[in-house]
Every structure is written in structure tokens, then in C-alpha cells.
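>>> 3D, please:
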Amino acid sequence: MSTRQPRTGRVSGHLKLIERKSGLIWYVKTRVPGRTPEQTTTFLAPAHVSGGKPLAGHLTRRQAQDALADILTEERHRSASVPTTTSVRRSPTLPPATCITSSTSAAASAPPSATTADR
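This is a model prediction of the structure:
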């Protein structure tokens, strides 16, 4: 069994223009190291490829590129805020945790002053 260490790398992505029955659609494919799943393809918006003003909700190539830049910037900020190490750090001021099993729970429940008073 192998343990995978989180890979470090840069956040990247690109646009995909896919033709569906409803028309051309912009998709964003992103790769974020350390995220599960690492690579994702996400619907962005319908594409506007003809001349003129785009319909509401449709994006031109330039608008889709701007949206991709915004998405990648957001992912970079997210990945920078997530710690890259998986080790657990303990505070040196906290005592170690104690585990009491059922066989020692009766002895542990007795008050310490009762045992010292009997002496």
C-alpha cells in the first residue's frame, strides 16, 4: 500500500468549445494539484460565435477567456490558503491524551485523596 503525498504544482486550465444539440458551449477544464479530483471540466456558458451583440447569458471568446482567468485566480487563492503538509502538530503546552479502558476505569474513578488518606 503506497501513500500519496500531495503534489505541488501550478493551477492551470483552458477553454473547450464543444458542440451540443443546443449549440456551441464553453467548458472550462481546470487542474488543481492537491484537489480531489485533480482535473475537472465545468460548464461555463453558451458560446456566441457570430457577429453582433451576444444574447443574455452567452459569452464571446474574449468573455470566456476573462471568466477562465477569474476562475483560475480564485483556485490559486484557494490552493494557497490550504496547508500543503498533512502532518498533525501538537501543542507543546498540552498534556498527552490519556486513554482509560474499562478494566482500569474503576481505579481511575476513585478520588486520589481517598487512597492517600488511608496511608
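
>>> Flag the shaky bits of the chain, pLDDT-wise.
Along the chain, the parts satisfying pLDDT under 70 run over 1-8, 82-119.

>>> In it, what residue spans correspond to strands?
Taking DSSP state E, the strands of the chain run over residues 12-20, 23-31, 39-46.

>>> Next, format those strands as TSV and append mean neighbour count.
(Each C-beta comes from the backbone N, C-alpha and C, glycine too.) Converted to TSV, the strands of the chain look like this (neighbours: other CB atoms under 10 Å):
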stretch	mean neighbour count
strand 12-20	13
strand 23-31	17
strand 39-46	14
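
>>> Can you lay out the ones you listed as TSV showing distance to Q65?
Below are the strands of the chain laid out as TSV (distance: least, CB to CB, whole Å):
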stretch	distance to Q65
strand 12-20	7
strand 23-31	10
strand 39-46	11
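
>>> among those strands, which is nearest T73?
Smallest distance to T73 across the strands of the chain (CB to CB): 10.7 Å, for strand 12-20.

>>> partners of the closest one in the sheet?
As defined by DSSP bridges, the strand partners of strand 12-20 come to strand 23-31 (antiparallel).

>>> Extract the C-alpha set from the partner strand and format it as CSV.
Presented in CSV, the C-alpha positions along strand 23-31 are these (Å, rounded to 0.1, in the frame of the first residue of the first chain):
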residue,chain,number,x,y,z
GLY,A,23,-25.4,24.7,-29.9
LEU,A,24,-21.8,25.6,-29.1
ILE,A,25,-21.0,25.5,-25.3
TRP,A,26,-18.0,26.9,-23.4
TYR,A,27,-16.5,24.5,-20.9
VAL,A,28,-13.5,25.2,-18.5
LYS,A,29,-11.1,22.4,-17.8
THR,A,30,-9.0,23.1,-14.7
ARG,A,31,-6.2,21.2,-13.0
